[in-house]
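Undergrad: Let's see this in three dimensions:
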Amino acid sequence: GTYALSVSAGPAGYTNTSITCDNASGEVSQAVVGVGETVTCEFVNDDQEATITLYKVVEGGPATQADFDPYIGRTLVTWGDAVSVDPGPHTASEIMNAAGYVGAGWTGDCATNGTFSIELGEALECTVTNMYADLIIEKSATPDTYSAVGDPIVYTVTATNNGAATLTNVDVTDDLIDGLPSWTCTVGGQDVNLPVAQLASGESIVCTATYLITEDDVNGSEPEGFVPNTACTDSDQTPEVCDDFTVHEIVIELEKTVTPDVMAEPGGFFTYTLVIDNESVVPVTITELVDDNSSLSTDWDANCAILVGSVLGPDAPGTADEVSCTYTVERTTAGVYPNVARTTAVDGNGTPASARDAATVTVLRSELDIIKEASVEYFTDAGETIEYTVTATNTGDSTLTSVDITDELIDGLPSWACTIDDQLAQMPVSQLPSGESIVCTASYVTTETDVDRGHVFNQACVDSDQVGPVCDDVDIDRIAVDLIKDVD
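TA: Predicted coordinates for the structure are as follows:
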């Protein structure tokens, strides 16, 4: 008869691959047995292949699947390809060739640590996920400029989990401000203490504090004019990263000069120059410029007042960081005239900076004094000699020029001579310093005219470029002596 041949059961992992009988050629699915015939059939069962397929998931960051090498035991395999393995226990693993990633463990038919056990005929799949661990920090300040001791600076430090992995033990430090009473940190608007135990992907720690500018920040020697500050953050999964922020002092300088700074009476016009220089790293706008002299000048408004509103560029090469102006003031009265100029400028934050400078001018007192003296108090007859002395002294504060002494009675006499410090001098004297004197002398012989007139009047005068004539005179009277002879 004819009999159907099949395998109905057997050990797991095996497959019937062929049936052959000795009374037939090739594979058969049934046996034909004649009466009295013995037929022998052979059933062949082959073991089923055991395979494992490894898959990779990369979350976040710049890496791709190609940056990770998969292994079964010590054998390098390919992601997504089924790999035939022997039945029994095995371990899947990987080598990460990209920095900044943390493993989230194995899933699928593998344990979290990558181990698996496989039997014949099984086709297992395991997936490993790597998440990018990235922590970034940003520091800012409001305002970012200052000008005086006590100015408040509000610092904000933001540490953000910029990767896909949850970070643990996240800490934020800042040497300048994290010890201040105003230092507070929040996550999602809720106050937290540092370090934060867990920071999910996309979450941020925001820390703030208010710092008050100190005397050293304004007038200190190191550093001066700016406050540097660095904040840092780290976690169990990421290295320390830092960000710094520098707030700068707003500084302007005002220089005031004058030409000339000294004049002798009657004085004249003094020319003042103002130079305003921005020493800051940001632009500033002049909001005020005042000067003690402004009301005395006819050109202040046209030349200097118009500088208000000027924008000065930052203190850097190639920028217009200064402006200047000139104005004049007339002074005609002897005296010392100090005056002060003041200016204020603000930056884009409204932070003000001020500067002042002074310049002093002097109008020196110009004064001459003259004294005329005679050697006698009276005369009696013609032919008597009178010695005259004329002394002109610079009693002012300034050097006088073109100083001249005139005396109509005696300055043309042969005996007329003038000296300064016993040195002969010619009239006019080109310069006579303050306190010095010109002494002129001459001998005069009385005449009959003087006798008839009854006195000798004499006046000497002195003047200079700076001082008009000043005079002094001497009037010598004649005393008549009558001789009366009595004869008894």
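Undergrad: Show me where the chain has its helices.
TA: 215-219, 300-303, 448-453 (DSSP state H).
Undergrad: Comparing those by mean pLDDT, which bottoms out?
TA: Mean pLDDT values for these show the minimum at helix 215-219, a mean of 84.
Undergrad: Could you list the buried residues of it?
TA: 217-218 (16 or more other Cβ atoms under 10 Å). C-beta: built from backbone N, CA, C; applies to glycine.
Undergrad: Residues contacting that helix, please?
TA: Residues outside helix 215-219 that contact it (Cβ atoms under 8 Å, 6 or more residues apart in numbering) are 146-149, 224, 227, 249.
Undergrad: can you check stretch 328-336 too?
TA: 263, 265-272, 293, 296-299, 337, 360-366, 397.
Undergrad: I'd like to know how far Phe68 sits from Met96.
TA: 6 Å (Cβ to Cβ, to the nearest Å).
Undergrad: swap in Tyr211?
TA: Taking Cβ to Cβ, one finds Tyr211 at 42 Å from Met96.
Undergrad: Looking at those two, which one has more neighbours?
TA: Each of Tyr211 and Met96 has its neighbours counted (other Cβ atoms under 10 Å); Tyr211 has more, 22 against 14.
Undergrad: What residues does the closest residue to that one other than its chain neighbours make contact with?
TA: Excluding the flanking residues, the one nearest Tyr211 by Cβ to Cβ, 6 or more residues apart in numbering is Ile153, at 4.8 Å. Applying Cβ under 8 Å, 6+ apart to Ile153 gives the contacts 141-143, 146, 210-213, 227, 247.
Undergrad: And for Asn339?
TA: 291-293, 358-360.
Undergrad: ChimeraX command for the buried members of the residues you listed?
TA: Applying 16+ other Cβ under 10 Å to the contacts of Asn339, the buried members can be selected in ChimeraX as follows:
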select :291,293,359
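Undergrad: one step back: top of the contacts of Ile153 by number of neighbours, please.
TA: Highest count within those by other Cβ under 10 Å belongs to Tyr146, 26 neighbours.
Undergrad: wouldn't that one be in contact with Pro352 here?
TA: No. Using Cβ atoms under 8 Å, Tyr146 makes no contact with Pro352, being 10.2 Å away.
Undergrad: between these two, what contacts are shared?
TA: Ile250.
Undergrad: Now Ile205. Nearest residue, chain neighbours left out?
TA: Using Cβ to Cβ, 6+ apart, the nearest residue to Ile205 is Ala159, at 4.5 Å.
Undergrad: for the one you found, which residues make a bridge with it?
TA: Ile137, Ile205 (DSSP bridges).
Undergrad: related to what we said a few turns ago, will you turn the helices of the chain into JSON lines that also has distance to Gly163?
TA: Below are those laid out as JSON lines (distance: least, Cβ to Cβ, whole Å):
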{"stretch": "helix 215-219", "distance to Gly163": "37"}
{"stretch": "helix 300-303", "distance to Gly163": "62"}
{"stretch": "helix 448-453", "distance to Gly163": "122"}
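Undergrad: right, so of the ones you listed, which gets closest to Ala12?
TA: helix 215-219 (80.4 Å; Cβ to Cβ).
Undergrad: ok so, going back, can you flag the buried ones in the contacts of helix 215-219?
TA: 146-147, 227, 249.
Undergrad: Which one of these is nearest to Ala305?
TA: Ser147 (23.6 Å).
Undergrad: wait, isn't that closest one in contact with Val247?
TA: No. Between Ser147 and Val247 there is no contact under Cβ under 8 Å: 10.9 Å.
Undergrad: neighbours around the nearest residue to Asp421 once chain neighbours are set aside, how many?
TA: Spatial nearest neighbour of Asp421, chain neighbours left out: Glu436 (7.3 Å); criterion: Cβ to Cβ, 6+ apart. Glu436: 16 surrounding residues under other Cβ under 10 Å.
Undergrad: what's the answer for Ser310, then?
TA: Around Ser310 there are 16 residues (other Cβ under 10 Å).
Undergrad: same deal with Ala4?
TA: By other Cβ under 10 Å, 7 other residues sit near Ala4.
Undergrad: Ala197 - how many residues pack around it?
TA: 10.
Undergrad: just for the stretch 101-250 of the chain, where's the confidence low?
TA: 220-224 (pLDDT under 70).
Undergrad: coming back round to it: so how far is Thr214 from the residue nearest to Tyr211?
TA: 11 Å.
Undergrad: again with Thr233
TA: Counting by Cβ to Cβ - Thr233 and Thr214 are separated by 26 Å.
Undergrad: Mind checking which of those two has more residues around it?
TA: Neighbour tally, Thr233 and Thr214, criterion other Cβ under 10 Å: the higher count belongs to Thr233, 28 against 13.
Undergrad: from memory the more buried one sits against Pro239, does it?
TA: No. Thr233 is beyond contact range of Pro239, at 10.1 Å (criterion: Cβ under 8 Å).
Undergrad: Residues that sit against both of these two, list them.
TA: Counting by Cβ under 8 Å, 6+ apart, nothing touches both Thr233 and Pro239.
Undergrad: Among the contacts of stretch 328-336, which are located in strands?
TA: Applying DSSP state E to those, the entries found in strands are 263, 268-272, 337, 360-364.
Undergrad: could you dump the residues you listed to TSV with distance to Thr20 and pLDDT?
TA: Converted to TSV, the ones in strands among the contacts of stretch 328-336 look like this (distance: Cβ to Cβ, whole Å; pLDDT from 0 to 100):
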residue	distance to Thr20	pLDDT
Met263	137	90
Gly268	137	93
Phe269	133	96
Phe270	130	97
Thr271	127	97
Tyr272	124	97
Tyr337	133	95
Thr360	129	96
Val361	131	96
Thr362	135	94
Val363	138	93
Leu364	140	90
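Undergrad: What are the boundaries of the strands in the stretch 1-150 of the chain?
TA: Remark: strands assigned in the stretch 1-150 of the chain by DSSP state E, counting those that start in this stretch are 2-4, 14-21, 30-32, 41-47, 50-59, 68-72, 75-76, 82-85, 88-96, 101-108, 115-118, 123-132, 135-142, 145-146.
Undergrad: Pick the most deeply packed of those strands.
TA: Greatest average neighbour count among those goes to strand 145-146 (a mean of 26), per mean count of other Cβ atoms under 10 Å.
Undergrad: before we move on, the earlier item: and the contacts of Ile153, which is closest to Tyr327?
TA: Nearest member of these to Tyr327, counting by Cβ to Cβ, is Tyr146, at 32.6 Å.
Undergrad: Asp81 and Thr53 touch, don't they?
TA: Yes. The pair Asp81 / Thr53 is scored as a contact, 6.7 Å apart, by Cβ under 8 Å.
Undergrad: who touches both of those two?
TA: Common neighbours of Asp81 and Thr53 (Cβ under 8 Å, 6+ apart) do not exist.
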